[in-house]
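Asker: Here you go, sequence then predicted model.
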Amino acid sequence: MQTGPVSRLPSTIRSTALALAVDTVTAEVVTAMRGAGVRPLLLKGPSIAGWLYADGAARPYADSDLLVSPGTYRRAAKVLWDLGFRSLGYLSQQHFDSDAWARSDHALVDLHRSFVGVGASPEIVWKEFAAETETQRVGGIDVEVLGVSKRALHVALHAAQHGVDDERPLEDLRRAVKTVDGETWREAAEIARRIDALPAFVAGLRLEPDGALLAKRLQLSPERRPLVVLRSGPHVPVAVTLERLASEGSFRARTRLLVAALFPSPGYMRKWAARGARAGSGAAWRDRPRLILAYMWRPIWILLQLPRAIAAVRRARRA
């Protein structure tokens, strides 16, 4: 939901208008999912803005992030399809725990079954995050949001996922460290242990000086895994995929990763090609000939990125 009439408004008004538009879409989608027997939990967005930005500072958001149980994921996807959304393919080629859905009115929904940095199964993740939720008024309806300890955990995991190059998750983390009490962070750390996300949780905290002190006070192990190190550090294209290919145990999983890296969905390729061309939107890449050229260029681009990616993986493994 980043283009269209809203994008032509002044920045402050645009942020407010965009948030209201996203909240309306959230209410629409949540209502439809509930009608289909799906229980969605709202992540980030208004639950973060109202919690960490109560001082009036802007916390813009452009999409709806929803977590559903793995058993209802396909049903939730069908609801989105029936509402006019179409899948853009996996949110990133780094993980397979969420999918981005877009509609012609620029509405965006990110549908999650788990999170980057989590080693436990989606079933275990759902069991943990669906317990002890809260409600918040969004778009005129009551929506389930994460409890405070899970919200804090998710803020740290989100920072670790996007690393030092993305300021918004880092600002969320700074505010969470200042806002949330030590006992709640201790609960978040315990949940991280149960879902095998402690390395990513600690890595996220350590991206911010006060967060690093908090991790030390909680006596959290600074264990570092190569994937966590790669994600939380400066972005190096292809490096995360390369490490995943090297660490996956089965031939089937490696093949799936390789195919996803070389031949992503058309929606992802349009976004990737437009970003590489520094275009403001993917509009220039919607015609078929340009899309075919993008698919032809992608393997060459990956080969060109390999030297830096290999060096980054080696550094991460040494760390």
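Answerer: Arrived safely.
Asker: Please identify the buried residues of the one helix or strand Ala261 maps to?
Answerer: According to DSSP states H and E, Ala261 maps onto helix 251-262. Buried residues in helix 251-262, counting neighbours by 16 or more other Cβ atoms under 10 Å, are found at 257, 260-261. Quick note: C-beta positions are derived from backbone N, CA and C, even for glycine.
Asker: next structured bit after that helix?
Answerer: helix 266-276.
Asker: can you state the direction angle for the following helix or strand past that next one and helix 266-276?
Answerer: Later in the chain than helix 266-276, the nearest helix or strand by DSSP H and E is helix 288-318. Here helix 288-318 runs at an angle of 80 degrees relative to helix 266-276 (axes from the mean of the first three to the mean of the last three Cα atoms, to 10 degrees).
Asker: and helix 288-318, what other elements does it pack with?
Answerer: helix 226-232, helix 239-247, helix 251-262, helix 266-276 (3 or more Cβ pairs under 8 Å, 6 or more residues apart in numbering; DSSP states H and E).
Asker: Helices along this protein, start to end?
Answerer: Taking DSSP state H as the criterion, the chain contains helices spanning 11-35, 46-52, 73-82, 122-129, 148-162, 167-179, 182-194, 198-205, 209-217, 226-232, 239-247, 251-262, 266-276, 288-318.
Asker: The third one - what's its average pLDDT?
Answerer: Across helix 73-82, pLDDT averages out at 96.
Asker: picking that back up, closest to Phe201 among the buried residues of helix 251-262?
Answerer: Leu257 (24.3 Å; Cβ to Cβ).
Asker: Leu245 is in contact with the closest one, correct?
Answerer: Yes - with contact defined as Cβ atoms under 8 Å, Leu257 reaches Leu245; the gap is 5.6 Å.
Asker: Any regions of the stretch 1-150 of the chain where pLDDT drops low?
Answerer: 1-14, 90-96 (pLDDT under 70).
Asker: Next, the contact list for Ala32, please.
Answerer: 79, 82-83 (Cβ atoms under 8 Å, 6 or more residues apart in numbering).
Asker: Quick check on those residues: which are buried?
Answerer: Buried among the contacts of Ala32 by 16+ other Cβ under 10 Å: 79, 83.
Asker: Including distance to Ala203, could the contacts of Ala32 go into CSV?
Answerer: As requested, the contacts of Ala32 are arranged in CSV below (distance: Cβ to Cβ, whole Å):
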residue, distance to Ala203
Val79, 34
Asp82, 39
Leu83, 36
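Asker: Can I get stretch 71-82 in CSV, CA atoms only?
Answerer: Output of stretch 71-82 as CSV, limited to C-alpha atoms (Å, rounded to 0.1, in the frame of the first residue of the first chain):
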residue,chain,number,x,y,z
GLY,A,71,-3.4,-25.8,10.3
THR,A,72,-5.4,-22.9,9.0
TYR,A,73,-2.8,-21.3,6.8
ARG,A,74,-4.2,-22.6,3.5
ARG,A,75,-7.7,-21.5,4.6
ALA,A,76,-6.4,-18.0,5.4
ALA,A,77,-4.7,-17.8,2.0
LYS,A,78,-8.0,-18.7,0.3
VAL,A,79,-9.8,-16.0,2.2
LEU,A,80,-7.2,-13.5,0.9
TRP,A,81,-7.7,-14.8,-2.6
ASP,A,82,-11.5,-14.5,-2.3
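Asker: Glu243 and Gly71: what is the separation?
Answerer: 30 Å (Cβ to Cβ, to the nearest Å).
Asker: neighbour count winner among these two?
Answerer: Glu243 (22 against 12; other Cβ atoms under 10 Å).
Asker: so where's the stretch 201-319 of the chain shaky on pLDDT?
Answerer: Across the stretch 201-319 of the chain (using pLDDT under 70), the flagged ranges come out as 222, 275-286.
Asker: For Ala246, the count of nearby residues, please.
Answerer: Using other Cβ under 10 Å, Ala246 is surrounded by 11 other residues.
Asker: Grab the nearest non-local neighbour of it.
Answerer: Counting by Cβ to Cβ, 6 or more residues apart in numbering, Ala246 lies nearest to Val313, which is 7.3 Å off, once chain neighbours are set aside.
Asker: surely that neighbour meets Leu230?
Answerer: Yes - counting by Cβ under 8 Å, Val313 does reach Leu230; the two are 7.1 Å apart.
Asker: circling back: do you know which of the helices of the chain lies nearest Thr135?
Answerer: helix 46-52 (10.3 Å).
Asker: in the closest one, what's buried?
Answerer: In helix 46-52, counting by 16+ other Cβ under 10 Å, buried: 46-49, 51-52.
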